[in-house]
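Colleague: sharing a sequence plus its predicted fold:
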Amino acid sequence: MNIQRVRAKDGPDEVVTAEVLARAIERGRRRQATQLHATSVRYVSALQALLIGFADDSAVALPVRNYPEFAALDATEFDQLEICLEGAGLALESRDLHVSIAGLIAASEPLLKMAASVVAARNGSRSSEAKATASRINGQKGGRPRRRTETEPHTEGEASAPSLKKTA
């Protein structure tokens, strides 16, 4: 067996000034804004579902029958579930059960498709500098050119596609 030694690298020490602290706090806020943070969990017996709540008062209902992790739990144990991992997971300490909320949501095909759709819509609405410039130029020309149909003839002054025929 060949054991390779790894040495830790010393990073530059940085004096913690008010400015350094402010930058670190801002980095933490940005990181937190991009992560999943549940604020509550409740078992709704009428639905036989876990209702996981978030800071904006939205919630996701997850039917417990869809998750084998919860198959052996009774109503009392569902009431003992707690938010853990800074809002990223659920825990039931009496059973040493820890599950990721993102993992539970990803296990639901409809929720996964909805999340993918939301991400695609958000990414598609982003505008690059090139898109913004092209849009401004098209706007100055009167807007995006109309799409011609196959039967629509070319009009005078309109650019036509180059011909593939050889001319002598």
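Modeller: Received the coordinates, thanks. Computed from a predicted model, the values in this text were never measured in an experiment.

Colleague: bridged to Val60, which residues?
Modeller: Ile52 (DSSP bridges).

Colleague: kindly report the same for Ser100.
Modeller: Beta bridges link Ser100 to Gly89, judged by DSSP bridges.

Colleague: how close does it sit to Pro63?
Modeller: 17 Å (Cβ to Cβ, to the nearest Å). All C-beta atoms are positioned from the backbone trio N, CA, C, and that covers glycine.

Colleague: and Ala38, by the same measure?
Modeller: The value you get for Ala38 to Pro63, if Cβ to Cβ is used, is 17 Å.

Colleague: higher neighbour count, the two?
Modeller: Ala38 (21 against 13; other Cβ atoms under 10 Å).

Colleague: could you give the bridge partners of that one?
Modeller: Phe54.

Colleague: for it, what are its contacts?
Modeller: By Cβ atoms under 8 Å, 6 or more residues apart in numbering, the contact set of Ala38 is Ile52, Gly53, Phe54, Ile83, Gly87, Ala88, Leu90, Ile101.

Colleague: residue nearest the centroid of the chain?
Modeller: Val119 (5.8 Å; Cα atoms, centre = their mean).

Colleague: now that one: which helix or strand?
Modeller: helix 109-124 (DSSP states H and E).

Colleague: list the buried residues of that helix.
Modeller: Along helix 109-124, not one residue counts as buried under the neighbour rule (16 or more other Cβ atoms under 10 Å).

Colleague: dump it to CSV, restricted to CA.
Modeller: In CSV, the C-alpha atoms belonging to helix 109-124 read as follows (Å, rounded to 0.1, in the frame of the first residue of the first chain):
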residue,chain,number,x,y,z
GLU,A,109,-40.5,13.7,-10.7
PRO,A,110,-43.1,16.4,-11.1
LEU,A,111,-41.3,18.7,-8.6
LEU,A,112,-38.0,18.1,-10.4
LYS,A,113,-39.5,18.9,-13.8
MET,A,114,-41.1,22.1,-12.3
ALA,A,115,-37.7,23.1,-10.9
ALA,A,116,-36.0,22.5,-14.2
SER,A,117,-38.7,24.6,-16.0
VAL,A,118,-38.2,27.5,-13.5
VAL,A,119,-34.4,27.4,-13.9
ALA,A,120,-34.7,27.3,-17.7
ALA,A,121,-37.1,30.2,-17.8
ARG,A,122,-34.9,32.2,-15.5
ASN,A,123,-31.7,31.4,-17.5
GLY,A,124,-33.5,32.2,-20.8
